[in-house]
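Student: Quick one, what's the 3D model for this:
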Amino acid sequence: MAKIDLDAMSIEEVADLRDLATDKLAEKVAARRAELEAELEKLAQYDKPARKSQVAAPAAKPKKSQENGANGEGARKTDEVKEPVAKAA
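Tutor: Numbers count the residues shown, from 1 in each chain. Model prediction:
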């Protein structure tokens, strides 16, 4: 890239250079954004079936044998708070 002697330029020339740089930057950002959006559109075709399958199926109800346990006692609740076990020192 060519070096520009900003000190040798007038205020108007530096301001024009800034405006040109800002315009060029905006142009490059817009072009890159368009490229990325086009790529996202291509990828979106693979995403659509996955989203439909992510819908949660209703949870199956436990069978009576699972609810009562093997010996007829009530099943242990999963939301019971377990007491902490002290670690050996």
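Student: Determine the set of other helices and strands touching the helix or strand encompassing Ala31.
Tutor: Using DSSP states H and E, Ala31 falls within helix 11-53. With contacts defined as 3 or more CB pairs under 8 Å, 6 or more residues apart in numbering; DSSP states H and E, helix 11-53 has no helix or strand neighbours. Backbone N, C-alpha and C define where each C-beta goes, glycine included.
Student: pLDDT averaged over it - what is it?
Tutor: Across helix 11-53, the average pLDDT comes to 90.
Student: Count the residues that sit near Met9.
Tutor: Using other CB atoms under 10 Å, Met9 is surrounded by 13 other residues.
Student: With the flanking residues excluded, which residue is spatially nearest to it?
Tutor: Leu17 (7.1 Å; CB to CB, 6 or more residues apart in numbering).
Student: With Leu6 instead?
Tutor: Closest to Leu6 by CB to CB, 6+ apart is Val14, at 6.0 Å.
Student: any idea how far that neighbour lies from Asp7?
Tutor: Computed as CB to CB, to the nearest Å, the Val14 to Asp7 distance reads 10 Å.
Student: Looking at the two now, which is surrounded by more residues?
Tutor: Val14 (13 against 6).
Student: any idea how far Thr22 is from the more buried one?
Tutor: Counting by CB to CB, the gap from Val14 to Thr22 is 12 Å.
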